[in-house]
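Visitor: Sequence and predicted structure, then a few things I'm wondering about:
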Amino acid sequence: MQIQFLDASASPAARLVARLVNQDAVPADLEPMLAEAAKIARFSGKSGQTFEGFVERNGKVVRVALAGIGASDAQDRMAAIEKAGAALVAKYLTSGETTLTFDLTGAGLSAEEAAGALLGAELRSWRHDAYRTKLTDDKKPSLREIFVMGAPEGTTKQWGSAQAVAAGVALTRELVTEPANAIYPETFVARCRERMEGTGLNIRVLDETEMAALGMGSLLGVARGSARPPRLLVLEWNGGAKGTKPVAFVGKGVTFDTGGISLKPPAGMEDMKWDMGGAGAVAGAMLTLALRKAKANVVGLCGLVENMPDGDAQRPGDVVTSLSGQTIEVINTDAEGRLVLCDVLTWVQREYAPVKIVDLATLTGAIIASLAHEYAGMFSNNDDLAASLAAAGEATGDRLWRFPMGPVYDKQLESAIADMKNVGSRFGGSITAAQFLKRFIENDTPWAHLDIAGTVWADKPGATWDKGATGFGVRLLDRFVRDTLES
Ligand code: BES
Ligand code: MN
Ligand code: ZN
């Protein structure tokens, strides 16, 4: 979407004008007919409400859209504003209208809030139509341009960083949406290179020979069954003080998860194209940080493999040696995410000595049983880190709910033949998965594991997304960096 700011004097011959309306404060400068019509339709400016009416201005028909943003002192004010911007775009994206004039005059928004409305609009305009060759004209997106009038001072600057957020979310959604015959480890890397060119991100890639030489037996065990070779993608952003150790973000990038020899049932297996949602979020967040030139040192890692059954695939009962030296009995080849992450976790600690580590992974179906699609699960060895992540989650809508950890859960991972097995009992599956990862965190480095299996993909439209990839994690990580490393 093109967003253009108009100065106060410019008054375009707009056909479609949108206003944001505070609760019980329908603008006084609206045509009486329109105000009356809104009232009849029970539009009062509540968050989530929209209204549309037609009026005559200067002899022309003008379409006026109102979107409610609720009470100005509401706790979720920002979310309500983003949602209103998004609702307007959802309403007119394929309406035939090509431009929308956003008249923010009199809405009483701060610059940050005004940018929030635009962010909501931009996020909601994202679509992936690359594979639709038969879209009829009336189904194609028509809205291309938003003119903004009456924006408070400082909005353009706020919009600059909001735009970086939107671009990061868009990359994540693209990677998550693409099918597994398009995005596999090598093409995930290629797509990131393409999208990140010129941003100042430093890109490193480890191939399977290098990973084998290092001794990443756990990650490579998962990759064995696939014809697609694995990759470890490393994205470095050094916008902070020279020599300061980075924060590390680590993403599970299983580009397709069949379960391997512990094969998944067919129903719904297509969903496993988005088993790289953690890696997608890391890539998107790193792009955002670079685009807004974050004053922080951050390294993002994507462990990229495909989990397939094959004559050469690893078997249940196989024992692999991880990069840490710890041995793992692979009881279930479908518990592959942790096998990928553990080697990446060890490597990043040795290579970068990060001050904090946050991993994101579509790790367990059990987290969906616990939290449905509203919260991602959080597991951490550090209360401060957990608290700042939870706060970033509340602020951005990428919500997190912390789970317990402890030795009683860890016990479930004891193996009769190796240092550990890769699954626990039938119960508490998300927690035992986290306990497994914790065994690879050295020296009590502050670490948090986010199980995002329930929040990467949506079966119905949400506040700022259509059904499909949500882009979960990008806003969370961006906000976390802003609040803990840059202020
Ligand atoms: N990628 C899946 C988890 C998943 C399930 C993500 C549904 C999104 C939606 C993961 O690799 C997996 O298969 N986990 C197993 C673990 C089990 C074998 C201990 C699961 O959740 O069933
Ligand atoms: Mn699996
Ligand atoms: Zn998986």
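Guide: Nice, I can see it. Ligands and ions are numbered 1, 2, ... in the order given.
Visitor: Give the phi and psi angles for Ser142, as a check.
Guide: As for Ser142, its main-chain torsions (degrees, to the nearest 10) stand at phi -110, psi -30.
Visitor: Helices of the protein, residue ranges please.
Guide: For the chain, the helices defined by DSSP state H cover 32-40, 77-92, 111-124, 155-177, 185-196, 208-214, 217-223, 277-291, 337-352, 366-371, 383-396, 407-410, 429-438, 474-484.
Visitor: Tell me which of those helices lies nearest to Pro266.
Guide: Evaluated over the helices of the chain, closeness to Pro266 peaks at helix 366-371, with 18.8 Å, by C-beta to C-beta. C-beta here means a position set from N, CA and C on the backbone, and glycine is covered the same way.
Visitor: Next, the contact list for the residue in the stretch 51-200 of the chain that ligand 3 sits nearest to, please.
Guide: With C-beta to the ion, the shortest gap between the stretch 51-200 of the chain and ligand 3 falls at Ala180, namely 12.1 Å. Contact partners of Ala180, counting by C-beta atoms under 8 Å, 6 or more residues apart in numbering, are Thr255, Phe256, Met272, Lys273, Glu306.
Visitor: Okay, the closest residue in space to Leu123 that isn't next to it in sequence and Gly397: tell me how far apart.
Guide: Leaving out its chain neighbours, the residue that sits closest to Leu123 by C-beta to C-beta, 6 or more residues apart in numbering is Thr464, at 4.1 Å. Relative to Gly397, Thr464 is positioned 8 Å away (C-beta to C-beta, to the nearest Å).
Visitor: Neighbour count for the two, which is higher?
Guide: Neighbour count, other C-beta atoms under 10 Å: between Thr464 and Gly397, Thr464 has more, with 27 against 18.
Visitor: Count the neighbours of the nearest residue to the residue of the stretch 51-200 of the chain closest to ligand 3 once chain neighbours are set aside for me.
Guide: Closest residue to Ala180 apart from its sequence neighbours, by C-beta to C-beta, 6+ apart: Phe256 at 3.7 Å. Neighbours of Phe256 under the rule other C-beta under 10 Å: 22.
Visitor: again, but for Gly303
Guide: Residues near Gly303, counting by other C-beta under 10 Å, number 36.
Visitor: What's the local residue count around the residue of the chain found nearest ligand 2?
Guide: Nearest to ligand 2, among the residues of the chain, is Asp334, at 3.9 Å (C-beta to the ion). Asp334 has 21 neighbours, counted by other C-beta under 10 Å.
Visitor: Same question for Ala391.
Guide: Neighbours of Ala391 using other C-beta under 10 Å come to 15.
Visitor: Pro407 too?
Guide: 7.
Visitor: what about it, distance to Leu413?
Guide: 11 Å.
Visitor: same thing with Gly300?
Guide: Distance from Gly300 to Leu413, by C-beta to C-beta: 28 Å.
Visitor: Between these two, tell me which one has more neighbours.
Guide: Gly300 (28 against 21).
Visitor: Pretty sure that one sits against Ala283.
Guide: Yes: between Gly300 and Ala283 there is a contact under C-beta atoms under 8 Å: 6.8 Å.
Visitor: hey, what's in contact with both of these two?
Guide: Going by C-beta under 8 Å, 6+ apart, residues that sit against Gly300 and also against Ala283 are Leu235, Gly251.
Visitor: for the residue of the stretch 51-200 of the chain closest to ligand 3, phi and psi?
Guide: Torsion angles at Ala180 (phi, psi; degrees, to the nearest 10) stand at phi -70, psi -10.
Visitor: coming back round to it: mutual contacts of Thr464 and Gly397, please.
Guide: Glu82.
Visitor: picking that back up, of the contacts of Ala180, which is the most crowded?
Guide: Highest neighbour count within the contacts of Ala180: Thr255, with 31 neighbours (other C-beta under 10 Å).
Visitor: State the pLDDT value of it.
Guide: If you check Thr255, the pLDDT there is 99.
Visitor: ok now do it, which residues does it touch?
Guide: For Thr255, the contact set (C-beta under 8 Å, 6+ apart) comprises Ala180, Ile183, Tyr184, Pro185, Phe188, Arg228, Lys273, Asp275, Met276, Leu304, Val305, Glu306.
Visitor: and with 6 Å instead?
Guide: Contacts for Thr255 (C-beta atoms under 6 Å, 6 or more residues apart in numbering) come out as Ala180, Ile183, Tyr184, Met276, Glu306.
Visitor: taking those one by one, which sit in strands?
Guide: Glu306 (DSSP state E).
Visitor: Where do the domain boundaries of the protein fall?
Guide: 2-153, 163-484 (automatic domain parsing).
Visitor: Looking at those, which one is packed in the most?
Guide: Of all those, domain 163-484 carries the top mean neighbour count, a mean of 21, counting by mean count of other C-beta atoms under 10 Å.
Visitor: quick one, phi/psi of Pro266?
Guide: phi -60, psi -40.
Visitor: Please tell me how far it sits from Met272.
Guide: For Pro266, the distance to Met272 equals 11 Å [C-beta to C-beta].
Visitor: Could you do Leu477 as well?
Guide: Per C-beta to C-beta, Leu477 is found 23 Å from Met272.
Visitor: How about the residues of this structure by ligand 1?
Guide: Taking C-beta under 6 Å from any ligand atom, the part of the chain that reaches ligand 1 is made up of 257, 271, 275, 332, 334-337, 362-366, 423, 429, 453.
Visitor: which of those are close to ligand 3?
Guide: Restricting the residues of the chain next to ligand 1 to those near ligand 3 by C-beta under 5 Å from the ion leaves Asp257, Asp275, Gly337.
Visitor: would you turn these into CSV with distance to ligand 2?
Guide: Formatted as CSV, these follow (distance: C-beta to the ion, whole Å):
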residue, distance to ligand 2
Asp257, 4
Asp275, 7
Gly337, 6
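Visitor: ok, the residue nearest to Ala107 when sequence neighbours are not counted - contacts?
Guide: Excluding the flanking residues, the one nearest Ala107 by C-beta to C-beta, 6+ apart is Leu20, at 4.5 Å. Counting by C-beta under 6 Å, 6+ apart, Leu20 touches Ala67, Ile69, Ala84, Ala107.
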